[in-house]
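# Mind looking at a prediction? Sequence and model below.
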Amino acid sequence: MPSPLPPSSPPPASRSQRKQARPGELIDAALDLFAEKGFALTRVDEVAARAGVSKGTLFLYFASKEELFKAVVRETITGRFAEWDVELESFAGNTCELLHYCFQSWWERVGSTKASSLAKLMLGEAHNFPELALFYRREVIEPGHALIRRILQRGMDRGEFRPLDLDQAVYLVLAPLMFLMLAQPTMGLCIPDPERFDAAQYIRMQADNALHGLLVRPA
């Protein structure tokens, strides 16, 4: 009886496939290093080495460390807003359900990922890099506020939420999410018993707490 043939190895990636994949690999490597070291202390040669390419290759795709940082933000956070806009337009449930969904979706797509480290990075380094701070505000902060305002306005328009000053109410939603993002890297410092902390339960509870303040109150 002939012996079975060994499993065939997948064909090596072509040169064009490797070239197409390289920007994503550089972005992943940069995100890792920005999360570990911050923006100022991350060197482009470190990013290139972690991605397995030369520094010259990195500059073929990104003209500077600043442009690389912008690509990281666009890939990991900015692109989410288009997804959430579509989901908001097509959401069939009530606004309480929508707010719960948004809390959970934010946690799954940003908060629980390395992308959440970018908020802490910007808080710590924005004063040293004002051009990047302006970029982050335009790409992340302003779209985030606009999305939350739309959700709250939807609740008011449908008679589910009481009248709100939206300029202030957005922070009712943002504050607990910001705390969780900032606490994650130093969980033992911010939370006395981090082994017992359940982030998913925290998210559900904060959504409930926000809704208790937002819902129309019986006369």
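All right, it came through fine.
# Check which helices and strands the helix or strand harbouring residue 156 is in contact with.
Assigning secondary structure by DSSP states H and E places residue 156 in helix 142-157. Counting contacts by 3 or more Cβ pairs under 8 Å, 6 or more residues apart in numbering; DSSP states H and E, helix 142-157 is packed against helix 79-90, helix 95-106, helix 166-183. The way it works is simple: take the backbone N, C-alpha and C, and place the C-beta from them, glycine included.
# Identify whichever of these lies nearest to residue 135.
The closest of these to residue 135 is helix 79-90. By Cβ to Cβ, the value is 14.7 Å.
# for that closest one, packing partners?
Contacts defined by 3+ Cβ pairs under 8 Å, 6+ apart place helix 79-90 against helix 95-106, helix 142-157.
# Which of those sits closest to residue 181?
helix 95-106 (9.6 Å).
# Make CSV out of the helices and strands packed on helix 79-90 and add mean neighbour count, mean pLDDT and distance to residue 71.
Below are these laid out as CSV (neighbours: other Cβ atoms under 10 Å; pLDDT from 0 to 100; distance: least, Cβ to Cβ, whole Å):
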stretch, mean neighbour count, mean pLDDT, distance to residue 71
helix 95-106, 18, 94, 21
helix 142-157, 17, 96, 17
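# Distance to residue 129 added to the ones you listed, as a markdown table?
Below are the helices and strands packed on helix 79-90 laid out as a markdown table (distance: least, Cβ to Cβ, whole Å):
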| stretch | distance to residue 129 |
| --- | --- |
| helix 95-106 | 25 |
| helix 142-157 | 18 |
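# So which of those is nearest residue 70?
Of all these, helix 142-157 comes closest under Cβ to Cβ, at 14.7 Å.
# chain center to the closest one: distance?
Distance, stretch centre to chain centre, for helix 142-157: 18 Å (Cα atoms, centre = their mean, to the nearest Å).
# So the residue nearest the centre of the chain versus residue 80, what's the distance?
Nearest to the mean C-alpha position of the chain, by Cα atoms, centre = their mean, lies residue 110 at 3.1 Å. Distance, residue 110 to residue 80, using Cβ to Cβ, to the nearest Å: 6 Å.
# returning to what we had before: shouldn't the residue nearest to the centre of the chain be in contact with residue 117?
No: counting by Cβ atoms under 8 Å, residue 110 stays clear of residue 117, with 10.4 Å between them.
# Who are the contact partners of residue 117?
Counting by Cβ atoms under 8 Å, 6 or more residues apart in numbering, residue 117 makes contact with 31, 34-35, 184-185.
# Show the buried residues in those.
31, 34-35, 184 (16 or more other Cβ atoms under 10 Å).
# Can you tell me which of these is closest to residue 137?
Closest approach between these and residue 137, by Cβ to Cβ: residue 34, at 17.6 Å.
# any idea of the pLDDT on that closest one?
The predicted structure scores residue 34 at 96 on the pLDDT scale.
# again, but for the one 4 residues further on
Per-residue confidence (pLDDT) for residue 38: 95.
# Looks like it contacts residue 121 (just checking).
Yes: the criterion here is Cβ under 8 Å, and residue 38 meets it with residue 121 at 5.6 Å.
# out of those two, which sits in the more crowded spot?
residue 121 (21 against 15; other Cβ atoms under 10 Å).
# Now do the one helix or strand the more buried one maps to and helix 166-183, the angle between them.
Element membership for residue 121, per DSSP H and E: helix 117-125. Relative orientation of helix 117-125 versus helix 166-183 (axes from the mean of the first three to the mean of the last three Cα atoms, to 10 degrees): 100 degrees.
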